[in-house]
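Colleague: need a structure here:
(one chain, ligands or ions: 1)
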Amino acid sequence: MITEFIQAKSPKEALEAIQKAGEGTVFLAGGTELNRLGSSITCSRVVSLKKLGLDRIEESNGVVSIGSMVTFQQALESDVVPAYFKEALRFCASRTRRNMATIGGNVTLSRDDSYLLPTLIAAKARLVLGDITHEGKYNEEDVPIREYHAFREHFTGSLILKIVLNKVNRFVASDRFSRTAQSPAAVTVSFGADLSSGAPHDVRICAAVKGSGITRLIQVEEGVSNGQFETPEDAATQAGNDIAFVDDITGSATYKRYLLGTAVSELYRVCLGKKSKGGAQ
Ligand SMILES: Cc1cc2nc3c(=O)[nH]c(=O)nc-3n(C[C@H](O)[C@H](O)[C@H](O)COP(=O)(O)OP(=O)(O)OC[C@H]3O[C@@H](n4cnc5c(N)ncnc54)[C@H](O)[C@@H]3O)c2cc1C
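Modeller: Alright, predicted model coming up:
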């Protein structure tokens with residue numbers, strides 16, 4: 001139960017408050033997970049991020065910076081947020097939740113049915129993080145989201161300040177499979193590639209699979225980059241080789257593997273279609 005609410009006015013103050021208050025103290029963003037019945041997070045004190053000025057979306061030469069406190073709905077209504085990211089934001093079908101849920105909160109949670117993480121990894125997004133040392137010195141660092149995801153424990157306690165989409169011409173497309181738009185997803189997958197050389201390279205394919213977590217499909221990424229697959233269906237045969245699928249309420253392990261394979265081949269096909277039209281999304 002939350003018994004104390006701390007209002008910070010700057011990222012440094014927010015980090016100091018967490019450091020001072022100690023265990024059981026967490027950042028409060030939109031509160032959709034923290035206040036959810038059966039939430040994955042237990043805490044007794046929260047440090048509100050509301051007054052930190054992290055709710056702005058900025059664009060310069062096509063590079064879009066989204067403050068971590070920007071809500072899903074705010075990003076959807078922005079003229080500068082790329083279409084591929086709006087596609088992922090719409091995976092959260094509840095408008096009520098879209099009005100509260102923040103992008104920073106979603107990245108931090110990195111759930112196995114994450115709305116946004118597969119797309120952000122495929123897009124090669126970057127995160128700007130705030131941290132404080134034991135001596136109280138405040139630092140900011142800019143890290144690839146792939147690194148944040150791969151070394152999660154290292155970033156525990158970091159404050160996400162913003163998410164930067166700086167690969168202006170990158171192709172990115174995503175897909176999500178669930179029983180209903182409001183149900184948890186069995187599989188969410190995203191495919192990103194640079195098409196500037198005429199063939200897909202610098203490929204990132206990332207899948208969130210319920211019960212198994214969020215995984216980059218590195219073997220398939222390499223196969224696509226090396227032109228190893230004759231058809232998109234060939235890529236599907238390797239998708240999920242490294243994933244331990246499980247049966248659960250969203251579907252059987254076999255069904256999830258099937259969904260992942262067909263989604264990867266379909267997204268690869270869309271990517272090849274863009275390439276032949278000479279454009280990225
Ligand atoms: C009914 C229901 C269904 C849901 N289904 C899904 C789903 O299918 N997929 C999905 O991905 N999510 C789902 N969620 C979870 C949630 O709505 C989203 O993930 C949302 O984006 C979380 O953002 P928030 O601002 O509400 O986070 P909060 O609840 O405020 O915080 C969540 C966690 O993130 C930390 N945090 C927040 N912002 C930052 C920051 N800037 N830096 C560092 N740490 C931070 C908090 O300390 C806390 O630990 C669901 C929630 C509900 C209630």
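Colleague: Now do Ile249 against the ligand, distance only.
Modeller: 13 Å (C-beta to the nearest ligand atom, to the nearest Å). Using the backbone N, CA and C atoms, a C-beta is placed for each residue, glycine as well.
Colleague: show me the contacts for that residue.
Modeller: Contacts for Ile249 (C-beta atoms under 8 Å, 6 or more residues apart in numbering) come out as Pro184.
Colleague: can you map out the strands along the stretch 51-200 of the chain?
Modeller: Under the criterion DSSP state E, counting those that start in this stretch, strands of the stretch 51-200 of the chain are mapped to 57-60, 63-67, 126-132, 138-144, 159-165, 171-178, 185-194.
Colleague: out of those strands, nearest to the ligand?
Modeller: strand 159-165 (3.7 Å; C-beta to the nearest ligand atom).
Colleague: wait, doesn't Leu161 sit right on Tyr138?
Modeller: No - in this structure Leu161 lies outside contact range of Tyr138 using C-beta atoms under 8 Å: 11.2 Å.
Colleague: Between those two, which has more neighbouring residues?
Modeller: Leu161 (23 against 15; other C-beta atoms under 10 Å).
Colleague: Name the nearest residue to that one, ignoring sequence neighbours.
Modeller: Val128 (4.6 Å; C-beta to C-beta, 6 or more residues apart in numbering).
Colleague: which neighbours do Leu161 and Tyr138 share?
Modeller: In contact with both Leu161 and Tyr138: 11, 130, using C-beta under 8 Å, 6+ apart.
Colleague: any idea how far Glu199 lies from Ile41?
Modeller: Check again: residue 199 is Ala, not Glu. Relative to Ile41, Ala199 is positioned 44 Å away (C-beta to C-beta, to the nearest Å).
Colleague: Please apply the same query to Gly211.
Modeller: Where Ile41 is concerned, Gly211 sits at a distance of 19 Å (C-beta to C-beta).
Colleague: Could you check how many residues crowd around Asn226?
Modeller: A count of nearby residues for Asn226, using other C-beta under 10 Å, gives 11.
Colleague: quick one: pLDDT of it?
Modeller: At Asn226, the predicted lDDT confidence score is 94.
Colleague: got it, and the one 10 residues further on?
Modeller: Per-residue confidence at Ala236 stands at 91 (pLDDT).
Colleague: for it, what are its contacts?
Modeller: Contacts of Ala236 (C-beta under 8 Å, 6+ apart): 261-262, 264-265.
Colleague: In helices, which of those fall?
Modeller: 261-262, 264-265 (DSSP state H).
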